[in-house]
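# Structure for this input, please:
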Amino acid sequence: QVQLVESGGGLVQAGDSLTLSCALSGRTVISQVMGWHRQAPGKEREFVAVASWNGGITNYTDSVKGRFTISRDTAKNTVSLQMNSLKPEDTAVYYCAAASTMRGLMTKPTSWGRGTQVTVAS
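Below you'll find the model as predicted:
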């Protein structure tokens, strides 16, 4: 069983920065691929970013490339999402996710956090 707990959401202005963090605990922690999905009001949940078990390989959805950076701290079992140049369309509930493979994380994670709200005002 893997547990994920997010923190760091909030209300910001367009152009601001925000960092989300997620703590991972439970069995097989080290082997888990971690990442983020988000769900905007009235829309389906979508993949945002993923980092391999040691953070050495990352991938992003096109709309956040160049603005968001995912990083992994294996010593602390955490994953962070640094979000810069935020736009109103980034407003969503952001969910931390875990899976055993990169593709699994991007398409069908096996574990989810409860989510944290990010609101970007124009």
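# quick one, what contacts Asn54?
Applying Cβ atoms under 8 Å, 6 or more residues apart in numbering to Asn54 gives the contacts Arg72, Thr74. The way it works is simple: take the backbone N, C-alpha and C, and place the C-beta from them, glycine included.
# Could you pull up phi and psi at it?
phi -110, psi 10 (degrees, to the nearest 10).
# give the contact list for Thr61.
Counted by Cβ under 8 Å, 6+ apart, Thr61 has contacts Glu46, Phe47, Val48, Ala49.
# Need those residues in JSON lines (columns: distance to Ala23, secondary structure and neighbour count).
Formatted as JSON lines, the contacts of Thr61 follow (distance: Cβ to Cβ, whole Å; DSSP: H, G, I helix; E, B strand; the rest coil; neighbours: other Cβ atoms under 10 Å):
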{"residue": "Glu46", "distance to Ala23": "23", "secondary structure": "strand", "neighbour count": "12"}
{"residue": "Phe47", "distance to Ala23": "21", "secondary structure": "strand", "neighbour count": "17"}
{"residue": "Val48", "distance to Ala23": "18", "secondary structure": "strand", "neighbour count": "25"}
{"residue": "Ala49", "distance to Ala23": "17", "secondary structure": "strand", "neighbour count": "26"}
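# In TSV: those, plus pLDDT and distance to Asn84.
As requested, the contacts of Thr61 are exported to TSV (pLDDT from 0 to 100; distance: Cβ to Cβ, whole Å):
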residue	pLDDT	distance to Asn84
Glu46	98	19
Phe47	98	19
Val48	98	14
Ala49	98	13
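# Is the residue nearest the centre of the chain bridged to anything, and to what?
Among the residues of the chain, the one closest to the centroid is Trp36, at 2.4 Å (Cα atoms, centre = their mean). Bridge pairing for Trp36 (DSSP bridges) gives the partners Ala49, Cys96.
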